[in-house]
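**Q** coords please:
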Amino acid sequence: MPGRKKSEAPAPSRATGPEPQASRPHVPGYGIPTTLEGLLPWRFVEERLGKAMNYWVCTAGEDGRPHARPVWGLWVDGALCFGGHGVRWERNLDANREVTVHLESGDEVVILEGKVDRVTDAQDALAKQAAEVSKKKYGMGGGAPFWALRPRKVFAWTTKSMFKDATRWKFE
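**A** Now for the predicted structure:
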């Protein structure tokens, strides 16, 4: 895509609190260990969220029909920020703010779950940070309004070591 630049800057950390505690996801019958040995570090998630160019946003409409689309986004201050104008997934979020977002890779999986907030004030601290990160990452400044997801849960694993490194973080 024209004007698109890959960011080499490290992903900002979740500034809203301490690093989350990692645990195992509950997946009966899949052989996921119950010990904490081999869990992925939180930086695995933040690095991938910061470098990703596309994020798959999964919403549901008022009628319950699922909807998934790739969007550009930014990992800023512990929030995934993304926007759109007049698109179906945005109308879905107006009706139901619960969302699942995942990255493109099926080999290094990162999945976020939670409820989005609408950022409408361009002077908001998150909006200012997002605009700066957008300039570096995509070569253009972003601006309000946009959606911000501070996840309640995050899941991550690698395909080559899924049964050893499957990890869940909870923010609730």
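
**Q** hey, where'd the helices end up in this structure?
**A** For the chain, the helices defined by DSSP state H occupy 42-51, 88-95, 125-138, 162-165.

**Q** could you dump these to JSON lines with mean pLDDT and mean neighbour count?
**A** Every residue, glycine included, has its C-beta placed from N, CA and C. Output for the helices of the chain, formatted as JSON lines (pLDDT from 0 to 100; neighbours: other CB atoms under 10 Å):
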{"stretch": "helix 42-51", "mean pLDDT": "97", "mean neighbour count": "19"}
{"stretch": "helix 88-95", "mean pLDDT": "94", "mean neighbour count": "17"}
{"stretch": "helix 125-138", "mean pLDDT": "94", "mean neighbour count": "18"}
{"stretch": "helix 162-165", "mean pLDDT": "88", "mean neighbour count": "16"}
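
**Q** looking at those helices, which is closest to Thr34?
**A** helix 162-165 (12.0 Å; CB to CB).

**Q** how about the closest one as CSV, C-alpha atoms only?
**A** Extracted in CSV, the C-alpha atoms of helix 162-165 (Å, rounded to 0.1, in the frame of the first residue of the first chain):
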residue,chain,number,x,y,z
MET,A,162,1.6,-24.7,21.3
PHE,A,163,1.4,-27.6,23.7
LYS,A,164,4.3,-26.1,25.8
ASP,A,165,3.8,-22.3,25.4
